[in-house]
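*Asks:* Please find the sequence and the predicted model below.
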Amino acid sequence: GIVDRAEEIATSVMPVSLTSALEYGENVVTRHDLLSFRALLDQGGSRDRPAVGLAGPFEFSAKQFATIGGVAEEGEIRIPAAAGDGGHVVFGPYVPVARGRYRATFRFRGEASGGGLLRLDVFSDGRAVLSRKEVKIQSGPERVDLDFDVLRESEVLEFRARVKRSGVSDTFFQGVDLAT
């Protein structure tokens, strides 16, 4: 369809590392934008659908996220040690939520000490970062909490992980838990 053709054109003329038009001050459509829009459409996304009323917590598995530069594996997305700062390696799942206070808990597993430095954030409606934290992933399971407020009804949330500094071992993204 039209999204496939747009993605084909965008990836043939733009570097994959250009992931956020706002961060670079350009008015372009990026591969990340196209994948984000496709994921929202695949979920039947619309600004008109009602917001999720959270009685949660809700668990979003790695399977519900998109990746550029990561490798989807059994219930995880492997972020290779060699991944550089090429943009958001994990993003999604584009869930509409009601107004309120939330906590997103990012779940990772480090393969060995010396994992990379990741920037985690909660992005709202494709225009605002609601919470951000940088974390160095170590060996074993990691849980990183980001607290934030949603001020408008039906905000569509995206949870993102970006490699800020490569590590010496792979990191495994397992998902995000969302609670009020």
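*Replies:* That came through, no problem.
*Asks:* Is it correct that D177 is in contact with S61?
*Replies:* No: D177 is beyond contact range of S61, at 10.1 Å (criterion: Cβ atoms under 8 Å). In short, each C-beta sits where N, CA and C put it, glycine included.
*Asks:* what sits against the closest residue to A179 other than its chain neighbours?
*Replies:* In space, and not counting its chain neighbours, A179 is closest to P57: 3.7 Å by Cβ to Cβ, 6 or more residues apart in numbering. Residues in contact with P57 (Cβ atoms under 8 Å, 6 or more residues apart in numbering) are D177, L178, A179.
*Asks:* Do a quick rundown of the helices in this structure.
*Replies:* Counting by DSSP state H, residue ranges of the helices within the chain are 2-13, 21-24, 31-42.
*Asks:* mean pLDDT for those: which is lowest?
*Replies:* Note on those: lowest mean pLDDT is at helix 21-24, with a mean of 44.
*Asks:* picking up where we left off before, distance check, the residue nearest to A179 against F173.
*Replies:* Note on P57: its distance to F173, by Cβ to Cβ, to the nearest Å, is 18 Å.
*Asks:* F108 now?
*Replies:* Applying Cβ to Cβ, the value for F108 to F173 is 6 Å.
*Asks:* Likewise for S139?
*Replies:* In this structure, S139 lies at 16 Å from F173, with Cβ to Cβ as the measure.
*Asks:* Looking at those two now, which is surrounded by more residues?
*Replies:* When S139 is set against F173 and neighbours are counted by other Cβ atoms under 10 Å, the residue ahead is F173, at 25 against 13.
*Asks:* so the more buried one touches E73, yeah?
*Replies:* No: because the distance of 10.1 Å does not satisfy Cβ under 8 Å, F173 is recorded as not touching E73.
*Asks:* between the two, what contacts are shared?
*Replies:* In the contact map built from Cβ under 8 Å, 6+ apart, no residue is linked to both F173 and E73.
*Asks:* hmm, which helix or strand of the chain has the shakiest average pLDDT?
*Replies:* Each helix and strand of the chain was given a mean pLDDT (mean pLDDT, DSSP states H and E); the minimum falls on helix 21-24 at a mean of 44.
*Asks:* if we look at stretch 166-176, which residues are touching it?
*Replies:* If you take Cβ under 8 Å, 6+ apart as the criterion, stretch 166-176 is touched by 59-62, 64-65, 70, 73, 75-84, 90, 104-118, 136-137, 139, 159, 161.
*Asks:* let's go with 6 Å and repeat that
*Replies:* Identification of contacts with stretch 166-176 by Cβ atoms under 6 Å, 6 or more residues apart in numbering yields 60-62, 76-81, 84, 90, 104, 106-112, 114-116, 137, 159.
*Asks:* just so I have it, where are all the strands in this structure?
*Replies:* Counting by DSSP state E, residue ranges of the strands within the chain are 58-61, 66-67, 71-73, 76-79, 88-97, 100-110, 117-124, 128-136, 140-150, 155-165, 171-179.
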